[in-house]
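**Q** what follows is a predicted structure for the sequence shown.
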Amino acid sequence: MRIVRFQLEGREPARGILDNDDQVLSILGDICGQWAPSGERHPLASVRLLAPVQPPNILAIGLNYRGHAHETGHAIPSAPVLFIKATTAVIGPDQPIVLPAAAPDEVDYEAELVVVIGKKARNVSRQDAASHILGYTCGNDVSARDCQLRLDSQWARGKSFDTFAPLGPWIETQVERAGSAIRARLNGVTVQESHTSDLIFDVADLVSYLSHQMTLLPGTVIYTGTPSGVGHAREPNIYLRPGDVVEIEIEGIGVLRNPVVAES
């Protein structure tokens with residue numbers, strides 16, 4: 001099942017279920033609890049897709065693909081490397097990533113599988129983790145590398161500028177147990193290509209670990225890490241520029257597309 005958050009012109013944002021890939025069936029209620037169809041149906045082409053969730057918290061994991069740890073010269077971590085992004089960074093499909101005036105020069109892309117929590121989780125086991133997950137979506141952990149790695153002593157600013165947490169296009173409630181191919185394209189050229197089987201800590205590991213550190217509220221999203229191929233690790237470096245288009249594609253979920261603009 002694919003869960004969307006959408007808006008029709010002149011109306012408030014709403015939730016729906018994608019039917020046959022081209023119809024949105026509106027629903028009423030709490031997607032993390034009780035809900036039911038409203039009876040309304042809309043062609044997908046007639047609605048504007050929004051970020052599929054408005055998270056109470058955004059948790060993110062660094063250095064969680066073996067290939068990415070290798071390309072950045074880091075050892076394989078012994079525990080998940082946790083950081084947090086501001087919720088004001090969230091945008092949806094086709095909304096622009098804005099290069100901030102405060103740090104426009106070294107903004108990087110990061111393709112990520114994102115987990116959406118559906119039921120409050122606290123001190124859950126790895127075996128019970130799946131029962132607390134609503135589904136999965138595509139994410140882009142946009143990062144101002146100068147702030148993250150050189151100018152600041154921690155990652156918060158470099159990861160949290162407005163528009164630095166694209167999510168979408170929807171929440172997929174079922175993914176293959178064997179994992180999924182994941183890739184990023186910049187202006188149509190593939191710049192990251194890997195598979196979630198390269199994760200150091202898998203989804204169950206992360207949900208269990210994080211739930212032992214803090215309460216995971218319904219709607220919380222977990223960016224699970226990025227594979228190799230980030231712009232900062234390339235020679236020469238590749239950073240986002242106005243006019244670029246970034247696409248994050250995850251097998252079995254879909255494609256998240258965002259243009260890039262300068263802050264006006």
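**A** Yep, it's here.

**Q** helix, strand or coil for residue 74?
**A** With DSSP: H, G, I helix; E, B strand; the rest coil as the basis, residue 74 sits in coil.

**Q** buried set for stretch 228-235?
**A** Residues 228-233 are the ones in stretch 228-235 that count as buried (16 or more other Cβ atoms under 10 Å). Every residue, glycine included, has its C-beta placed from N, CA and C.

**Q** so in this structure, which helix runs the longest?
**A** Identified as the longest helix of the chain according to DSSP state H is helix 203-211.

**Q** distance from the chain centre to the next helix or strand after it, please.
**A** Downstream of helix 203-211, the next assigned helix or strand under DSSP states H and E is strand 221-223. The chain centre lies 6 Å from the centre of strand 221-223; the measure is Cα atoms, centre = their mean, to the nearest Å.

**Q** neighbouring strands - and their directions - for the helix or strand just after strand 221-223?
**A** Note on strand 221-223: by DSSP H and E, the next helix or strand toward the C-terminus is strand 245-250. Taking DSSP bridges as the criterion, strand 245-250 sits next to strand 181-186 (antiparallel), strand 254-262 (antiparallel) in its sheet.

**Q** let's see the first one as CSV, backbone CA atoms only.
**A** What follows is the C-alpha trace of strand 181-186 in CSV, where atoms were taken according to Å, rounded to 0.1, in the frame of the first residue of the first chain:
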residue,chain,number,x,y,z
ALA,A,181,18.5,-0.9,-5.0
ILE,A,182,19.1,2.7,-4.2
ARG,A,183,20.5,5.4,-6.4
ALA,A,184,20.8,9.2,-6.9
ARG,A,185,20.8,11.0,-10.2
LEU,A,186,22.1,14.5,-10.7
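
**Q** next helix or strand past it?
**A** For strand 181-186, the succeeding helix or strand toward the C-terminus, using DSSP H and E, is strand 189-195.
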